[in-house]
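Undergrad: Take a look and give me a structure for this.
(3 chains)
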Amino acid sequence: MSAEADQVTATRRSGAVAGAPTVAGGVLDVRELPSFGFSHRSVMWWGTAGLMAIESTVFALAIVVYFYLRTHSELWPMRSPPPELLWGTLNTVVMIVSLWPNQLAKRAAMKLDKSGVQLWLSVCTVLGFLILMLRGLELTALNVRWDTDAYGSIVWMIMLLHTTHLVTDTWDTTVLDVLFFTGPLEGKRYVDVNENAIYWNFVVLSWLPTYAVIYFGPRG
Amino acid sequence: MTVSGTASPPRLNSVPPSAEDAAALERTWRDPPGLLGWLAAINHKEIGKRFIVTAFGFFVAGGLLAAAMRLQLAQPDNRLIGPDLYNQIFTMHGTTMMFLFAVPVMQAMSIYLVPLMIGSRSVAFPRMNAYGYWIYLFGGLMLFVAFALNIGPDAGWFSYVPLAGPDYSPGKRVDFWAQMITFTELSALIEAVILITGVLKLRAPGMTLNRIPLFVWGMLVTAFMVMFAMPAVMLASTALITDRLVATHFYNPAEGGDAILWQHLFWFFGHPEVYLIFIPGLGFMSAIIPTFARRPIFGYSAMVLSLIATAFLAFGLWVHHMFATNLPELGKSFFTAVSMMIAIPSAVQIFCWLATLWTGKLVFKTPLLFTFAFFFVLVLGGMTGIILASVPLDLQVHDTYFVVAHLHYVLIGGAVFPLFGAFYYWFPKITGRMLSERLGRWNFWLFLIGFNVTFFPMHMLGLQGMPRRVYTYGAEMGWSNLNALASLGALTIAISMLLFVINVWRSLRHGAVAGPNPWNAGTLEWSTPSPPPACNFEAIPVVGGRDPLWEPGGVRGHVAGLAVDSRELLMTTVLDAEPETRESFPEPTIWPFVGAVATTVFFIGSIFTPWAIVWGSVPVAIALTAWFWPKRRENTAHLALERAP
Amino acid sequence: MGAELRRRAFALVAAAVAAASAGAAFAQGRTPVVPGAHDALAVAGPQAAQIGELWNLTVFICTAVFCAILLGVVFALWRSGRARDDEPADLSSIGRHERGPYLSVLWSVGVSIVLLLVLVVASVVTDRALARMSLENAVNIDVTGHQWWWELRYGGDKPSDSFTTANELHIPVGRPVILKLRADDVIHSFWVPSLAGKKDLIPGRTATLHFRADQAGRYRGQCAEFCGFQHAFMAFEVIAEPPDRYDAWVAAQRQPAAEPTDAGARRGQEVFLGSACIMCHAIEGTTAGARKAPDLTHLASRTTIAAGTLPNRSAELARWIANPQEFKPGTNMPATALPADDMRALVAYLESLK
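TA: As a prediction, the model looks like this:
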């Protein structure tokens, strides 16, 4: 908390930021307020939360479509073997592992630690590209084409939906990483790193039920 | 992070704002001049005006399409328009009205009005807001260019498969429709996130959640619905494009797909979609009625709960569009019950408005007239909705002109009449001029009479066996007279719209000059000059009541200490609007426009080849990265104001 | 309104009338058919009748509610005071519980809920009643929807008793009819308003519709799901006949096509078998066996052709065969150019297929 907060008369109300200014003589002076905030105190957090809500809905609907088509069919998969487990499981492990440097990047951002962010964001970027490569291998091992039948179509749709998120998030991470080396930087950029980390958590966590459906749906 | 060592400290606003403050704020918040400035504009009022004008343009286009349909149907066995063109016309009419007018115009009104109503200077993501507008514009233009080239979609606004699939709709027509969905749904989702963030975080201090205007509640609820409804049509239309372009089999029964899957996905979106249109209309009603009844609305809490209940229930109705399919009968009965239940929160709203009118003192101006049309037209549409909710009754009138009548009664009665009331109500705020009351009354009465003459006969036509989406009918069917009457009514509506346009045109030049608050209303947007300055409020008010301009202590003070040379906004807490942070907002830039052009190339390219997804994404990535990349000058200005949490 | 405005308005009306009249010039001579009954409220069978009763109850309640709300609005308009627009707002309601309006709203909502419950129950009861119609001694017909005609297949005790016809459904009065509904290409919908509600024909799915006609007569139906270019002209007829007439019709339909007796009809059969007709149309008893288009074995027994678009008379049949696109633009049947006497012979043959 900034030292100047002491100068401001604080009135504690539920939800209020400690040291929030109040109206005195018809004037509410806000110059002592911080100029950025983490988590729900930033608009970026809300934007990211909105995006995650929308994408969760898309994933949920895609999975519902998977099971709709499955109940509609006598055989599932219709005429192909289930997807190979190797690359998908390996990639899942790498994704889970990547949550750790992601969390460290997030923590460094909240402490406004520039070199910490540089380090861990770079690790995340490298991991992101590795995960994308593994995803490419996964896509060759699905054992079905999108135009074979409805089973193939929904499997590829779900995989490509998630892959799009991997691509965009890896790009976001790369751009932020480069920015932290070149500048210009301000407080808000640390907030961006924080939001990017939250979104990466979402991309990985949304993969887990997806992985279960794609790889074990046909084996259940 | 410490304050950077610039020569002079940044200038902050004082209360009351000085003349230098006002001038500096104007310079800071206005959009740059010139053509490049016009493309780089991000002021929410500028984007809002463009959005409203564009949406109204699509409304007129959709209306002309309807006029063509009514001309063709005015007589039996008519050969004015053949089946191919007619199918394109009714598809374009429905698609334009639903996707390019009805939802966007509501979002457009909220883009302009909501920051003013909540005491903010901007929407939450102004550049994204501009991008959302361009995407909407380009998507709509793409559709109409396709139509002009005789490759417009022709499978209906609802595009059922297998008719819309690769076997029975060859060529690119339906692909343009499906991709238009992608454009408009992207735009709508962006606007929804912007609105939710703004309403929850950018309100003026003291404007607790239970003090926000009911219109803002309506738009907040609508935005949440957009977020959960649009993904369904996004998924459905993407699957349709892939079925058509790369031979997937989502809807192909021969390979395990299902034609009904389309209907489920489409209507899971499609039913909430009509509430995306209706709920903002309810918001307009709640804004206009208190002002012209000279009292605060009766039952504010009940109204809010009704909006929320309506939004939830709206997601549980979709199967009532599918009663004629072979889904299990027990399931259908569930949807009958929910479809009838949703009438209850709407009834609460209607009774609360009636209570407000009954106990108020009425000022008979044009905006109030349009709200009366709601009670007549929407309620009648609601009654036919109850009829349609019943499975046995629906099985007779589904897919007939009875439904055409119903949908126009609820959409025009529930949304368009209130929208016109809203135009007359807020036109003075947006332009600084009053619309003519006299022309307003002519507009209103011709519209109301014309509407009923057009659509009431259609109830009978449906019962007499006339199905929807027919390009003509035989003279022997006995439908000729009612159709001729409906066409006459359509002409009357067209004339009333012409009067509206004339009213706007003349009033822009010669209308009576409007002060800040020509209606003596109570909400915050009426405290600014008309039109508002670029920064909206030279000093942000501190709010103490629901109708701040009416209640004593409604404005308890003003905010000082925000920068005047830099775009700085106050962020407050979600529930109680306590001041929380000062946030620096971005400046106008060309990148949203460039990004939208790149996205358009990406979307249109992928209609023709899947590889467009790969090479089209490169310019999009470049544009979005350039958009994000901070500029040194802005960065320095922000650092001068910086204070860590 | 200014004189200028009035002038412009009249000009607009005149232009519209002119355009509509020009449209009239385009309306060509399609000889009208005499349609069967097609009104959902003019019922001829128990399904439509049950629906009709629910209709009456629902419309009665809805009209009452509508009138009540309108009265509320009118009363509010009449009773409320008037204010000038600069009068200050009445803030007396802030922080105060308004008992009168509160009770009014509460009661109104309560009554609405009760009425809605009545309607839900009535709807579900009607639904059950419709499903519970007796199906004893039913006639089974398989309906397949095609782009822009109806294929009808009747079964029988023996497989050889089954026959295929098109667009005209004959049923016995007083016996239930069970239709199996399938679609060959896109979604269609089977709707005969005087007898029953509609049911969609969906590719990949089989749906069922039952109804019964309790009065003899002709009932018109029309496709009720947009299915492409000629959705507007995809009608069918349900002809409900006394049981003995129905049995006679079935017996006649089971026979193969009558061999042509006179020279003209014989020549017509040669023309038929020698032209592209047999690529799509079947006539039992000849070598023509394609099923892509309506079965013509007993064409002359039908009252209309082209799915209810034209009356079944020689002149119309000839015009239809020569250029189907004139009456149903976009239809799948190509034009058939024949020398005049060949066309006459062909029509004579087809008109002999009773």
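Undergrad: Heading C-terminal from the helix or strand of chain C with the lowest mean pLDDT, find the next helix or strand.
TA: Taking mean pLDDT, DSSP states H and E as the measure, chain C has helix C:3-26 as its least confident helix or strand, at a mean of 58. Next helix or strand after helix C:3-26 toward the C-terminus (DSSP states H and E): helix C:46-79.
Undergrad: So is that following helix next to chain B?
TA: Yes. Contact of helix C:46-79 with chain B (Cβ under 8 Å from any Cβ of the partner chain) involves C:48, C:50-51, C:54-55, C:58-59, C:62-63, C:65-66, C:69-70, C:72-73, C:75-77, C:79. (C-beta placed from N, C-alpha, C; glycine too.)
Undergrad: elements contacting that helix?
TA: helix B:343-359, helix B:366-389, helix B:391-397, helix C:99-131, strand C:207-212 (3 or more Cβ pairs under 8 Å, 6 or more residues apart in numbering or on different chains; DSSP states H and E).
Undergrad: If we use 7 Å, what do you get?
TA: helix B:343-359, helix B:366-389, helix B:391-397, helix C:99-131 (3 or more Cβ pairs under 7 Å, 6 or more residues apart in numbering or on different chains; DSSP states H and E).
Undergrad: partners of the next helix or strand after it, with directions?
TA: Next along the chain after helix C:46-79, taking DSSP H and E as the criterion, comes strand C:81-82. With DSSP bridges as the test, strand C:81-82 is paired with strand B:361-362 (parallel).
Undergrad: what does the partner strand contact?
TA: Applying Cβ atoms under 7 Å, 6 or more residues apart in numbering or on different chains, the contact partners of strand B:361-362 are B:Phe292, B:Ala293, B:Arg294, B:Leu368, C:Ser80, C:Gly81, C:Arg82, C:Ala83, C:Glu87, C:Asp90.
Undergrad: Any figure for the gap between the residue minimising distance to the centre of chain A and chain C?
TA: Central residue of chain A (Cα atoms, centre = their mean): A:Tyr199, 2.1 Å from the mean position. Using Cβ to the nearest Cβ, to the nearest Å, A:Tyr199 is found at 40 Å from chain C.
Undergrad: Am I right that that residue is in contact with A:Asp169?
TA: Yes. Using Cβ atoms under 7 Å, A:Tyr199 is in contact with A:Asp169, at 6.1 Å.
Undergrad: give me phi/psi at the most far-flung residue of chain A relative to its centre?
TA: Residue distances from the centre of chain A (Cα atoms, centre = their mean) peak at A:Gly25, which lies 45.7 Å from the mean C-alpha position. The phi/psi pair for A:Gly25 (degrees, to the nearest 10) reads phi 60, psi 40.
Undergrad: Give the closest residue to it in space, chain neighbours not counted.
TA: Counting by Cβ to Cβ, 6 or more residues apart in numbering or on different chains, B:Gly557 is the residue found nearest to A:Gly25 once chain neighbours are left out, at 7.7 Å.
Undergrad: What helix or strand is A:Asn143 located in?
TA: A:Asn143 belongs to no helix or strand, assigned by DSSP H and E.
Undergrad: What sits closest to the residue of the stretch 51-200 of chain B found nearest chain A if chain neighbours are left out?
TA: Proximity to chain A, evaluated over the stretch 51-200 of chain B using Cβ to the nearest Cβ, is greatest for B:Val193 at 3.5 Å. Leaving out its chain neighbours, the residue that sits closest to B:Val193 by Cβ to Cβ, 6+ apart is A:Gly50, at 3.5 Å.
Undergrad: how near is that neighbour to A:Asp192?
TA: 16 Å (Cβ to Cβ, to the nearest Å).
Undergrad: do the same with B:Pro345
TA: 40 Å.
Undergrad: got it, and B:Trp550?
TA: Applying Cβ to Cβ to B:Trp550 and A:Asp192 gives a distance of 42 Å.
Undergrad: what do you get for C:Glu259?
TA: Applying Cβ to Cβ to C:Glu259 and A:Asp192 gives a distance of 87 Å.
Undergrad: same check, this time on B:Pro367
TA: 44 Å.
Undergrad: right, and the helix or strand after the longest helix belonging to chain B?
TA: The single longest helix within chain B, with elements called by DSSP state H, is helix B:259-293. Per DSSP H and E, the first helix or strand lying C-terminal to helix B:259-293 is helix B:300-314.
Undergrad: now residue 101, nearest residue through space, not along the chain?
TA: Just so you know, I chose chain A. A:Val123 (4.2 Å).
Undergrad: actually it's chain C I care about, not the one you picked
TA: Nearest to C:Pro101 is B:Ala355, by Cβ to Cβ, 6+ apart, at 3.7 Å.
Undergrad: so what's the one residue in chain A that gets nearest to chain C up against?
TA: In chain A, the residue that lies nearest chain C is A:His72 (9.2 Å; Cβ to the nearest Cβ). Applying Cβ under 7 Å, 6+ apart to A:His72 gives the contacts B:Gly256, B:Asp258.
Undergrad: quick one, helices of chain A?
TA: A:43-71, A:85-110, A:114-140, A:150-182, A:187-216.
Undergrad: can you redo these as CSV with mean pLDDT?
TA: Converted to CSV, the helices of chain A look like this (pLDDT from 0 to 100):
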stretch, mean pLDDT
helix A:43-71, 97
helix A:85-110, 97
helix A:114-140, 97
helix A:150-182, 97
helix A:187-216, 96
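Undergrad: and these as TSV, adding distance to C:Gly264?
TA: Output for the helices of chain A, formatted as TSV (distance: least, Cβ to Cβ, whole Å):
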stretch	distance to C:Gly264
helix A:43-71	57
helix A:85-110	74
helix A:114-140	69
helix A:150-182	54
helix A:187-216	69
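Undergrad: Out of those helices, which is closest to C:Tyr246?
TA: Closest to C:Tyr246 of the helices of chain A is helix A:43-71 (Cβ to Cβ; 41.5 Å).
Undergrad: Same question for the closest one: list its buried residues.
TA: Within helix A:43-71, the residues scored as buried using 16 or more other Cβ atoms under 10 Å in any protein chain shown are A:43-59, A:61-63, A:65-66, A:68-70.
Undergrad: which ones are touching B:Met98?
TA: Applying Cβ under 7 Å, 6+ apart, the residues near B:Met98 are B:Trp157, B:Glu273.
Undergrad: neighbour-wise, which of B:Pro367 and A:Asp192 wins?
TA: More neighbours surround B:Pro367 than the other of B:Pro367 and A:Asp192, with 27 against 20 (other Cβ atoms under 10 Å in any protein chain shown).
Undergrad: what separates the more buried one from B:His93, distance-wise?
TA: For B:Pro367, the distance to B:His93 - Cβ to Cβ - is 28 Å.
Undergrad: cool, B:Leu39 as well?
TA: 31 Å.
Undergrad: cool, C:Asp200 as well?
TA: With Cβ to Cβ as the criterion, C:Asp200 and B:His93 are 23 Å apart.
Undergrad: So which of those two has more stuff around it?
TA: C:Asp200 (28 against 20).
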